[in-house]
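[1] Return atomic coordinates for the entry below.
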Amino acid sequence: MSILKFVLYFILFNILLSVAPLLAEIYYPGQALLIPRFWNMFAVFSIITFVIYILASWRMKVSIKSSGQALLASIAVKLLLYMVIAFVYITQNTVDPVKFVICFFYLYFFHTVFEIYCLLCNLRNQKFK
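    Residues are numbered from 1 along each chain as shown. Next up, the predicted model:
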C-alpha cells in the first residue's frame, strides 16, 4: 500500500470513526456520554497511529525479512504509548471509570485494527514482488 493510499484511507477512517461520538454529542447533549477532552484524545490516537504506521511501513520496505518484527514492534510500541496516555489522562482528570473505559477502548480498538489491516496489506504485497 502506498503512502498516498494510506493517507486517503486514514482520512476516511478518521471521519467514519468520529461519526458515532459526534452523534452521541448532538443527540444526547445533556447526558455527557463522552469523557472530558475526548476529541483531544481522538487527535492524539490518530497522530500516534499515523506516525507508527509510517515508521513500520518504512521498516518493512528497508528489509523484507524484518517485516513481521516491524508489525509486532509497532503494535507493542503503540500499546505502551496508549497506556502512558491513559495513565496521564486518569491522573490529570476525574472521570467516570465506565465512560473512560468505553471511550478509550473505542479509540484503541479501532485504531489498532486499522493499523494492523494496513500493515498486513503491505505484508501481503511483498509476497508477489
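[2] What residues sit buried inside the helix ranked longest in the chain?
    Determined from DSSP state H, the single longest helix within the chain is helix 97-127. Neighbour-count burial for helix 97-127, counted by 16 or more other Cβ atoms under 10 Å, picks out 100, 103-104, 106-108, 110-112, 114-115, 118-119, 122. The way it works is simple: take the backbone N, C-alpha and C, and place the C-beta from them, glycine included.
[3] and the worst-scoring helix or strand of the chain on mean pLDDT, how far out from the chain's middle?
    When each helix and strand of the chain is scored by mean pLDDT, DSSP states H and E, helix 97-127 comes last, with a mean of 83. Relative to its chain's centre, helix 97-127 lies at 5 Å (Cα atoms, centre = their mean, to the nearest Å).
[4] One more: stretch 76-84?
    On Cα atoms, centre = their mean, the centre of stretch 76-84 falls 11 Å from the chain's centre.
[5] Tell me which residues are up against that stretch.
    45, 48-49, 52, 104, 108, 112, 115 (Cβ atoms under 8 Å, 6 or more residues apart in numbering).
[6] Chain neighbours aside, what residue packs nearest to the residue nearest the centre of the chain?
    The chain has His111 as the residue nearest its centroid, 2.7 Å off, counting by Cα atoms, centre = their mean. Once flanking residues are discounted, His111 sits nearest to Thr49: 4.6 Å by Cβ to Cβ, 6 or more residues apart in numbering.
[7] elements contacting the helix or strand hosting that neighbour?
    Assessed by DSSP states H and E, Thr49 sits inside helix 38-62. Counting contacts by 3 or more Cβ pairs under 8 Å, 6 or more residues apart in numbering; DSSP states H and E, helix 38-62 packs against helix 3-27, helix 67-92, helix 97-127.
[8] for these, which one sits closest to Asn40?
    helix 67-92 (9.1 Å; Cβ to Cβ).
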